[in-house]
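*Asks:* any chance you can model this:
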Amino acid sequence: MAGTDFRVISIGALAAHPLRGERGEVRPAHATTTLITSGSARILVDPSLPGPLLLPRLSERAGLEAKDITHVFLTCFHPLHRRGLLAFEKATWLISNAEREAVGVHLIGRLKEAHDQDDREVEKALGHEVAILERCQAAEDEVAGGVDLFPLHGVTPGLTGLLLPMNRLTVLVAGDAVATQEHLEQGQVLAPCHDLEKARASFGEAIEIADLIVAGRDNVLPNLTRQLF
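*Replies:* Down below sits the predicted model:
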């Protein structure tokens with residue numbers, strides 16, 4: 001769609017890549033961060049790096065500052081996907097309603113357990129997580145013009161990507177539903193995951209619809225199962 005564009009701000013990585021035979025923590029893990037522009041909306045997806053590292057990347061890759069970001073979208077609520085979130089206080093924070101509700105139920109249960117056990121330190125940490133989740137709004141089906149929610153549940157209960165139907169290509173910002181080039185090529189989902197069956201179904205839907213996939217821990221990947229042009 002005219003007026004919609006995207007670029008990767010920071011390429012993610014797995015701490016250890018199981019499909020390369022890696023074990024343990026070979027490197028710091030972080031998720032891919034993507035900037036989507038649609039009209040006046042500037043949507044930053046998964047601000048994974050800490051703010052002091054992410055903001056220079058945002059300037060280098062897009063010439064933007066934190067104040068220029070209008071929305072932050074989280075494909076999931078995993079802490080690794082939102083380490084830089086607080087750098088974008090002026091933006092609207094968005095997440096899928098399915099992920100928001102599932103995480104909320106889990107956090108409230110853990111918070112009650114910590115309270116019953118009089119574990120003040122854990123209770124304080126969980127309270128902070130609840131406050132962040134409450135600040136995140138449930139995203140509408142269309143986040144902005146030409147930017148649509150695409151449910152990819154499985155790796156997390158409500159993992160959701162963003163679909164960009166552009167002029168000649170359909171682009172899917174997939175989060176961890178499609179983790180790396182090797183996962184795409186070998187038809188593998190990221191492990192561990194919340195629901196393996198759903199994760200596999202979501203992976204199949206991703207490769208069925210997208211020409212280009214922004215992977216959760218990799219770069220922009222061509223979907224070679226589809227004819228691009």
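*Asks:* where does the chain dip in pLDDT?
*Replies:* Applying pLDDT under 70 to the chain picks out residues 1-2, 226-229.
*Asks:* okay, which residue is most central for it?
*Replies:* The centroid of the chain falls nearest to Thr75 when counting by CA atoms, centre = their mean (3.2 Å).
*Asks:* surely Thr156 is in contact with Phe77?
*Replies:* Yes - in terms of CB atoms under 8 Å, Thr156 counts as a neighbour of Phe77; the distance is 7.2 Å. The way it works is simple: take the backbone N, C-alpha and C, and place the C-beta from them, glycine included.
*Asks:* show residues contacting the longest helix along the chain.
*Replies:* For the chain, the helix with the greatest residue count under DSSP state H is helix 97-116. Applying CB atoms under 8 Å, 6 or more residues apart in numbering, the set of residues contacting helix 97-116 from outside is 74, 76-77, 122-123, 126-127, 129-130, 133, 136, 138-139, 151, 153, 156-160.
*Asks:* now, those that are in strands?
*Replies:* Of the contacts of helix 97-116, the ones assigned to strands by DSSP state E are 74, 138, 151, 160.
*Asks:* excluding chain neighbours, what is closest to the last one?
*Replies:* Put plainly, it is Thr160. Using CB to CB, 6 or more residues apart in numbering and skipping residues adjacent in sequence, the residue nearest Thr160 is Ser96, 3.7 Å away.
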